[in-house]
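**Q** compute the structure for the input listed below.
(one chain, ligands or ions: 1)
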Amino acid sequence: MKAADTKPGQFEDFLPNGDGAELFAKVDALANLLDSTSIDYIGGLGLEVIGPIGPRTLIREPDGETHPVIMLGSNSYLSLTTHPRVVAAAKEACDRYGYGMGAVSLYSGTTDLHRDLERRIAEFYKTEDAIIIPCGYSANVGVISCLCGPGDVIICDAYNHASIFDGCKLSGADVKVYLHRNMKHLERILKSLSDSQAGRLIITDGVFSMDGDIAPLDEIVDLAKRYGARVMVDDAHGVGVVGPTGRGSAEAYGCMDRIDINLGTLSKTPGAVGGYCAGSARLIQYLRFYTRTYFFSTSLPPPVVAGLNEVFKLLIEDAAGREELWHNVQYMRDGLKSLGFDTGNTQSAIIPIMVGDEGKLGRFNNDLRRGGLYTNVVTYPAVRRKECHLRLCVMNSLTKQDMDQALSILGELGKKHGII
Ligand SMILES: Cc1ncc(COP(=O)(O)O)c(C=O)c1O
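**A** Next up, the predicted model:
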């Protein structure tokens with residue numbers, strides 16, 4: 001571990017590293033560093049949101065100052081966190097069922113609301129059944145580690161979400177990683193597998209959470225068929241947003257019926273918390289028996305589940321405001337490009353602004369926030385350091401005035417920090 005008082009540390013300097021030191025030595029080293037230096041790129045830590053997330057949101061800075069920001073940092077792309085029908089359903093369920101379950105699903109943790117939600121998610125994906133799991137992170141960890149084990153092989157896109165890699169690690173399967181969206185590399189890996197490795201699972205994000213691009217799922221399912229692999233898609237950021245009726249990345253690539261395992265979160269577009277998996281009745285039955293993060297983890301609170309039932313009604317009707325969202329996404333993309341920003345290869349409501357220098361990125365982001373615009377930074381270990389960037393999330397409720405003001409702040413500060 002580096003001496004905290006000689007050099008500003010980096011994220012990995014404080015991880016367990018087998019140096020034999022007392023367990024809390026790294027805890028103290030990090031505390032000492034943070035007491036003695038201010039690190040620009042973590043300047044947003046310690047912020048508080050005061051009130052509902054909306055196009056204009058009130059936040060409190062770590063020093064106690066309170067001010068409004070234009071919100072370009074929420075995954076509630078369709079603003080369903082505050083949708084009147086959703087909020088009303090949650091309130092009513094709170095009165096009828098109380099605010100929590102106090103039990104895992106298989107004990108007394110499943111209400112009629114939970115079953116309704118599972119049926120609606122299955123209807124949405126046109127699958128036979130679905131299972132809800134307490135969060136998206138634990139859905140990945142639980143599903144992957146119960147389906148795969150030693151002797152199996154999991155083949156992952158390099159940019160998959162951390163929870164996918166954690167599930168892979170826990171499973172004990174052989175894990176192979178292909179270059180981001182690189183189908184030639186994926187095929188090379190599939191070709192290299194031995195016949196004895198018959199348990200094969202390709203896992204990819206649908207919409208990639210950090211860059212907003214989408215996995216070429218039509219090609220992935222073709223390769224999977226050719227080489228005898230199953231396909232799992234985590235479409236946390238695609239559900240409700242991409243595809244002709246908002247059914248996500250597989251719909252956008254015309255292959256919904258060829259995905260074996262549809263995994264997603266209830267925390268982004270659906271606006272609450274939770275995870276799910278949709279697929280064949282047999283698969284879901286198996287998961288109910290063996291997914292430890294389902295089996296051993298308390299089920300979602302009824303108000304949340306009731307709100308989510310309304311969300312899926314809106315999504316199934318395609319009445320949740322997807323058109324407005326895409327209008328706004330296009331407006332922001334065009335505006336950023338005409339200002340000269342590099343917005344990568346986004347295909348979704350996540351728009352990156354490439355910066356490539358963590359210090360510069362942190363200072364840019366802090367200035368933006370103080371200037372009235374909330375955005376998120378994406379740094380190591382989420383991406384490689386030279387690929388660090390700002391991550392803008394567009395919501396359907398942003399007005400033209402909100403977006404024009406946001407673009408004007410970005411233009412001014414982008415020039416100041418030498419990004420455009
Ligand atoms: C692709 C992806 N999968 C899984 C998760 C975890 O979901 P949750 O926040 O519901 O635990 C996230 C959220 O950060 C994500 O972006």
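**Q** could I get the full set of helices for the protein?
**A** Taking DSSP state H, the helices of the chain run over residues 25-36, 84-97, 112-125, 136-147, 162-171, 183-192, 217-226, 249-252, 281-290, 292-295, 302-317, 322-339, 358-370, 400-416.
**Q** what sits up against the fourth one?
**A** Identification of contacts with helix 136-147 by CB atoms under 8 Å, 6 or more residues apart in numbering yields 133, 154, 161, 163-164, 166-168, 170-171, 201, 203, 232, 234, 236, 261, 263-267, 274-277, 286-287, 290-294, 297. The way it works is simple: take the backbone N, C-alpha and C, and place the C-beta from them, glycine included.
**Q** try stretch 54-70
**A** 45-51, 71, 74, 79, 82, 369, 372-374, 395, 397-399, 402, 405-406, 409.
**Q** try it again at 6 Å.
**A** Stretch 54-70 is contacted by residues 46-51, 71, 372-374, 397-398, 402, 406 when judged by CB atoms under 6 Å, 6 or more residues apart in numbering.
**Q** just send the residues you listed back as a markdown table, with distance to Pro303 and pLDDT too.
**A** Formatted as a markdown table, those follow (distance: CB to CB, whole Å; pLDDT from 0 to 100):
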| residue | distance to Pro303 | pLDDT |
| --- | --- | --- |
| Gly46 | 28 | 79 |
| Leu47 | 26 | 88 |
| Glu48 | 23 | 92 |
| Val49 | 20 | 94 |
| Ile50 | 21 | 94 |
| Gly51 | 19 | 92 |
| Met71 | 23 | 97 |
| Gly372 | 33 | 96 |
| Leu373 | 32 | 97 |
| Tyr374 | 26 | 96 |
| Ser397 | 22 | 98 |
| Leu398 | 27 | 98 |
| Asp402 | 29 | 98 |
| Ala406 | 32 | 98 |
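**Q** returning to that earlier point: near the ligand, from the contacts of helix 136-147?
**A** Filtering the contacts of helix 136-147 for proximity to the ligand by CB under 6 Å from any ligand atom leaves 161, 163, 234, 236, 265, 267, 275.
**Q** for those residues, which single residue is the most surrounded?
**A** The residue in those with the most neighbours, by other CB atoms under 10 Å, is Asp234 (32 neighbours).
**Q** just the buried residues of the contacts of helix 136-147.
**A** Among those, the ones that count as buried by 16 or more other CB atoms under 10 Å are 133, 154, 161, 163-164, 166-168, 170-171, 201, 203, 232, 234, 236, 261, 263-267, 274-277, 286-287, 291, 293-294, 297.
**Q** list the contacts for Leu113?
**A** Contacts of Leu113 by CB under 6 Å, 6+ apart are 302, 305-306.
**Q** that one and Ala281: what is the separation?
**A** Distance of Leu113 to Ala281, computed by CB to CB, to the nearest Å: 21 Å.
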